[in-house]
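Enquirer: What follows is a protein structure lacking sequence information:
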């Protein structure tokens, strides 16, 4: 190749760049000129007056002032505080979830709202509470689905009798203790329009409820969710949770003299479990086999699983036994050693556990107000007066 041809080749990129720059400038100038012409034509137009109640241009709609800003700020503050306090508890040999709950208490009205109401009102205004609550609930639903995905139902079948016995004992004993405790609490905290039977039933059911998400998070942090002990504990907690919600429906029906509503809740719960085991499980197993043959999990199977997850959570929430049970049961019917379970766990685990789940536990702590407990309110007043 001669020197002249080399020079020609070197000039081609420069000429192409210059041509592109000229075309870009011409396009930009034409767009500006056209917009100025449109603006000049539009000045002569007259628009109708705004309707009553519609916010004017340049103003924020009532109740929506900087909502997104406050939600993002609240999430950032919650995550930073939850991770910091959770790390401290981890070093102390305690589950980080306890630190996340305490972080919520520190950010709530018990401390931040008491020390600096202005900072509390700006960082965590009441207008963002519904949005944080929805995000927190979605996070715990996804987490319980992941817990169900890792549940080895084969190991569970080997200890069915012990699981049932433990589950029933963990309900009966706290229920009787709570009902007995009602003998001391009823004359001190109840009113005459509340029958003792309803009060005792409510207190007994309250003592019987298992903190299912907290237990699952503790087992996950300790990497015990796949062990036989962890599997039995999770299964017992799931049974306890469903039983407690059914008992709560029974208590409400007794209080309102509508026993039939509790029976409907129990029947719908049994029907839902039957539908998941007899209808949804075979369909999910076919989906798992198809993914195993393909060798990879594509977006279409993921979408189908998420649709089933939402429908399952929606069903249990409508029945009245909480959406997280539906998510857990759907995850449990998917084989834990399948590609679907492993890939979904790998893709969702970090996002749910690091980002969404701390918001749930911190939000739970934020709704706790220690000053409402008898004795702490007077302590707070004394501290302020001093």
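Expert: Looks like it came in fine. Quick caveat: nothing in here was measured; it's all calculated off a predicted structure.
Enquirer: Flag the shaky bits of the chain, pLDDT-wise.
Expert: 1-15, 17, 47, 50-65, 153-162, 252-262, 369-386 (pLDDT under 70).
Enquirer: List the contacts of residue 103.
Expert: 78, 81, 82, 84, 85, 86, 358, 362, 365 (CB atoms under 8 Å, 6 or more residues apart in numbering). To be clear about C-beta, it is placed using only N, CA and C from the backbone, and glycine gets the same treatment.
Enquirer: Report the contact partners of residue 119.
Expert: residue 112.
Enquirer: what about it, which helix or strand?
Expert: Assigned by DSSP states H and E, residue 119 belongs to helix 117-123.
Enquirer: same question, residue 97
Expert: Using DSSP H and E, residue 97 falls in helix 96-107.
Enquirer: what's the following helix or strand after that helix?
Expert: helix 112-115.
Enquirer: Out of the contacts of residue 103, list just those in helices.
Expert: 78, 81, 82, 84, 85, 86, 358, 362, 365 (DSSP state H).
Enquirer: First-to-last residue distance for stretch 118-135?
Expert: Length of stretch 118-135, first residue to last, CA to CA, to the nearest Å: 25 Å.
Enquirer: and that stretch, which residues are buried?
Expert: Of the residues in stretch 118-135, 120, 123, 124, 125, 128, 132, 133, 135 count as buried by neighbour count, 16 or more other CB atoms under 10 Å.
Enquirer: Equivalent analysis for stretch 296-303, please.
Expert: Result for stretch 296-303 [16+ other CB under 10 Å]: buried residues 297, 301, 302.
Enquirer: Residue 288: which of those residues is nearest?
Expert: residue 301 (8.7 Å; CB to CB).
Enquirer: so that closest one touches residue 292, yeah?
Expert: No. Assessed by CB atoms under 8 Å, residue 301 is found out of contact with residue 292, at 10.8 Å.
Enquirer: Residue ranges of each domain in this structure, please.
Expert: 68-129, 130-369 (automatic domain parsing).
Enquirer: Spell out the residue ranges of the helices in the stretch 201-350 of the chain.
Expert: Remark: helices assigned in the stretch 201-350 of the chain by DSSP state H, counting those that start in this stretch are 212-221, 228-255, 259-275, 281-294, 299-319, 323-332, 339-350.
Enquirer: Quick check: which of the ones you listed is nearest to residue 200?
Expert: Here helix 228-255 is closest among those (CB to CB), at 9.6 Å.
Enquirer: now the angle between helix 299-319 and the closest one, please.
Expert: Relative orientation of helix 228-255 versus helix 299-319 (axes from the mean of the first three to the mean of the last three CA atoms, to 10 degrees): 40 degrees.
Enquirer: Give me the distance from helix 228-255 to the chain's centre.
Expert: Helix 228-255 sits 20 Å away from the centroid of its parent chain (CA atoms, centre = their mean, to the nearest Å).
Enquirer: What are the buried residues along that helix?
Expert: 230-254.
Enquirer: Please apply the same query to stretch 301-314.
Expert: So for stretch 301-314, counting by 16+ other CB under 10 Å, buried means 301, 302, 305, 308, 309, 312, 313.
Enquirer: what does stretch 75-84 give?
Expert: 75, 77, 78, 79, 81, 82, 83.
Enquirer: Over to stretch 177-193?
Expert: Applying 16+ other CB under 10 Å to stretch 177-193 flags 178, 179, 182, 186, 190 as buried.
Enquirer: quick one: the first one and residue 201 touch, right?
Expert: No. Applying CB under 8 Å as the test, residue 178 and residue 201 come out as separate, 9.2 Å apart.
Enquirer: ok so, going back, the helix holding residue 97 to helix 212-221, inter-axis angle?
Expert: On the basis of the same axes, to 10 degrees, helix 96-107 is oriented at 130 degrees to helix 212-221.
Enquirer: starting at the chain centroid, how far to helix 96-107?
Expert: Distance, centroid of helix 96-107 to centroid of chain: 16 Å (CA atoms, centre = their mean).
Enquirer: Check stretch 283-290 too.
Expert: 27 Å.
Enquirer: Check stretch 297-316 too.
Expert: 16 Å.
Enquirer: returning to that earlier point: among the buried residues of stretch 301-314, which one lies nearest to residue 347?
Expert: Nearest to residue 347 among these, with distances taken as CB to CB, is residue 302, at 8.1 Å.
Enquirer: Switch the buried residues of stretch 177-193 over to TSV; also include distance to residue 219.
Expert: Shown next, in TSV, are the buried residues of stretch 177-193 (distance: CB to CB, whole Å):
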residue	distance to residue 219
178	25
179	29
182	32
186	36
190	37
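Enquirer: For residue 149, give its distance to residue 97.
Expert: 19 Å (CB to CB, to the nearest Å).
Enquirer: Let me know how buried residue 138 is, in neighbour terms.
Expert: By the criterion of other CB atoms under 10 Å, residue 138 has 16 neighbours.
Enquirer: ok, now which ones touch the closest residue to it other than its chain neighbours?
Expert: Nearest in space to residue 138, with sequence neighbours left out and distances taken as CB to CB, 6 or more residues apart in numbering, is residue 356 at 6.8 Å. Residues near residue 356 by CB under 8 Å, 6+ apart: 135, 136, 138, 139, 140, 142, 143.
Enquirer: contacts for the helix or strand hosting residue 89?
Expert: Using DSSP H and E, residue 89 falls within helix 67-91. The contact list for helix 67-91 (CB under 8 Å, 6+ apart) reads 95-100, 102-104, 106-107, 122-125, 127-128, 131-132, 135, 221, 355, 358-359, 361-363.
Enquirer: what angle do that helix and helix 212-221 make?
Expert: Using the same axes, to 10 degrees: helix 67-91 against helix 212-221 is 50 degrees.
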